[in-house]
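A.B. asks: 3D, please:
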Amino acid sequence: MTGRQGRRGWGWIRRLPSQRYQASYIGPDMIRHTAPRTYTAKMDAEHWLASERRLIERDEWTPPAMRSAAKKAKAITVADYIATWIEHRNIKPRTKAHYSDLLKRHINDTLGRVAVKNLTPEAVRAWHAATLTDKPVMRSHAYGVLHAAMATAVTDGLIAANPCHIPRAGSARRKREPVILTVAEVAELADTIRPEMRTLVLISAWCGLRWGEVTELRRKDIGEGAEIITVSRGVTHRDGVCRVDTPKSGNGRAVVVPPHIRADIEQHLEAYIGKDADALLFSPPRGGCHLNDKTFRHHFTPALEAIGRDGVRIHDLRHFAGTQTARVGNLVETMGRLGHSTVGASLRYQQIVSGRDAAVAEALSKLAESGAGDDTPGP
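C.D. replies: Numbers count the residues shown, from 1 in each chain. Here you go, the predicted structure:
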């Protein structure tokens, strides 16, 4: 039976239109397995089948694809695999650069040298315990890259299980809490800062645009009567390169401008912005791609000092927008207005303004006054 094409005594060999031979067989798992390559000579296909049958008879058989993946895993290191994983990800250039920087600075010299197949939970825990201990947020980013890449390695069949399973390691508390100005302080700040930057403060604080979004705004993005701002782009700066792309979430949005700052925006357009539809709302004073945060801080910091506030960052204006929106809108509305793609960030604002902590404290006081809790069983 081995002399003709097709069914043999054991296994199957067929000749392809390319005139090469393909070998396959039904394994002990009752699944058909095909040779990882085709052969010019039929005897080579028969040799592969004979080798597979020998493994079955010796009870040493595993699926060929699994063996191939294991062999590949022996050769590829964590550093090489993550580098390829980053390259193949459909992510923004700045995010890709951030991931690559984390790999280069915090993974390559330690876990990066280990073969993917040999990476253990113990090694991951030891690395996590010693890495970026003074920068918990950055450490969570590095762990997140490692965890996601190893999850893909599981899908690729290189490892059986993800060795990264440290509880809550992918999220971390920020060391610095945002400083949220009051409504009156935002108004005073806008009145104090350099006039052509007044509207930047108001849009950031009341519309919640990110820095890269607000500095990429152009005349064409402001609707009639300044009622709507269309956010469809954002600008990033890295290694001296200015890049305009979609917003961070990847989606644009239309933000309804609170009526009390519409006149300010219209006045800004009239006083400082050219008539061209592509004219930037906030141009860099000395030319260049866009207004950068360093230039803005030269005016932002003195204005804060003048109103008696310090320690406020530019991004804290967006936090102000988040808390104010959460006071009057629900979670979905807050997400839509701020351009959040996940509920986590918007939920923080909802929790800040929920008032439940005060309500709980008040209820405890009432409990103490009534003595109703005296007969409650102890733990």
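
A.B. asks: restricting to C-alpha, output stretch 241-251 in CSV.
C.D. replies: Taking only C-alpha atoms (Å, rounded to 0.1, in the frame of the first residue of the first chain), the coordinates of stretch 241-251 have been written out as CSV:
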residue,chain,number,x,y,z
VAL,A,241,9.1,64.8,16.8
CYS,A,242,5.7,66.4,16.6
ARG,A,243,2.9,64.0,15.7
VAL,A,244,-0.8,64.7,15.1
ASP,A,245,-3.0,61.7,15.5
THR,A,246,-6.4,60.7,16.8
PRO,A,247,-7.2,61.4,20.5
LYS,A,248,-5.9,59.0,23.1
SER,A,249,-9.0,56.8,23.1
GLY,A,250,-8.8,56.5,19.3
ASN,A,251,-12.2,58.1,18.9
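
A.B. asks: any residues touching that stretch, and which ones?
C.D. replies: Among residues not part of stretch 241-251, those counted as contacts by Cβ atoms under 8 Å, 6 or more residues apart in numbering are 92-94, 210, 212-213, 216, 231-237, 252-253, 288-290, 339-341. C-beta here means a position set from N, CA and C on the backbone, and glycine is covered the same way.

A.B. asks: of these, buried ones?
C.D. replies: Under a neighbour-count criterion of 16 or more other Cβ atoms under 10 Å, the subset of the contacts of stretch 241-251 counted as buried comprises 92, 94, 210, 212-213, 216, 231, 233-237, 253, 289-290, 339-340.

A.B. asks: so which of those belong to helices?
C.D. replies: Mapping the buried ones among the contacts of stretch 241-251 onto helices (DSSP state H) picks out 94, 212-213.

A.B. asks: give the burial count for Met66, as a bare number.
C.D. replies: Close neighbours of Met66, defined as other Cβ atoms under 10 Å, add up to 11.

A.B. asks: tell me how far it lies from Val154.
C.D. replies: For Met66, the distance to Val154 under the criterion Cβ to Cβ, to the nearest Å works out to 13 Å.

A.B. asks: before we move on, what about Thr40?
C.D. replies: From Thr40 over to Val154 (counting by Cβ to Cβ), the distance is 35 Å.

A.B. asks: with Gly322 instead?
C.D. replies: On the measure of Cβ to Cβ, Gly322 and Val154 end up 36 Å apart.

A.B. asks: ok, now Tyr25?
C.D. replies: 27 Å.

A.B. asks: okay, these two: which has more neighbours?
C.D. replies: Under the criterion of other Cβ under 10 Å, the comparison of Tyr25 against Val154 puts Tyr25 first, with 20 against 13.

A.B. asks: list the beta-bridge partners for that one.
C.D. replies: When bridges are called by DSSP bridges, Tyr25 pairs up with His33.

A.B. asks: quick one: pLDDT of Trp127?
C.D. replies: Taken from the predicted model, the pLDDT recorded for Trp127 is 97.

A.B. asks: let me see the contact set for it.
C.D. replies: Taking Cβ under 8 Å, 6+ apart as the contact definition, Trp127 lies against 107, 110-111.

A.B. asks: return the subset of those lying in strands.
C.D. replies: When DSSP state E is applied, the contacts of Trp127 are split such that none fall in strands.

A.B. asks: how does this protein divide into domains?
C.D. replies: Following automatic domain parsing, the chain resolves into domains at 6-61, 73-155, 183-353.

A.B. asks: my guess is Ala149 meets Thr84, correct?
C.D. replies: No: counting by Cβ atoms under 8 Å, no contact exists between Ala149 and Thr84, whose distance comes to 9.1 Å.

A.B. asks: compare these two (neighbour count), which wins?
C.D. replies: A count of neighbours by other Cβ under 10 Å puts Ala149 above the other of Ala149 and Thr84, at 23 against 13.

A.B. asks: and that one, what helix or strand is that in?
C.D. replies: In this assignment (DSSP states H and E), Ala149 forms part of helix 136-155.

A.B. asks: same question for Val244.
C.D. replies: Taking DSSP H and E as the definition, Val244 sits inside strand 241-245.

A.B. asks: adjacent strands (with direction) for that strand?
C.D. replies: Strands that pair with strand 241-245, judged by DSSP bridges, come out as strand 234-238 (antiparallel).

A.B. asks: ok, and what's touching the partner strand?
C.D. replies: Outside of strand 234-238, the residues within contact range by Cβ under 8 Å, 6+ apart are 92-94, 97, 210, 212-213, 215-216, 242-248, 289-290, 292.

A.B. asks: got the CA coordinates for that strand in CSV?
C.D. replies: Only the C-alpha atoms of strand 234-238 are listed here, as CSV (Å, rounded to 0.1, in the frame of the first residue of the first chain):
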residue,chain,number,x,y,z
GLY,A,234,-4.4,65.2,19.5
VAL,A,235,-0.7,66.2,19.2
THR,A,236,2.2,64.4,20.9
HIS,A,237,5.8,65.3,21.2
ARG,A,238,8.6,62.7,21.6
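
A.B. asks: and the ones in helices among the buried ones among the contacts of stretch 241-251 as TSV, adding pLDDT?
C.D. replies: As requested, those are arranged in TSV below (pLDDT from 0 to 100):
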residue	pLDDT
Arg94	81
Gly212	94
Glu213	95
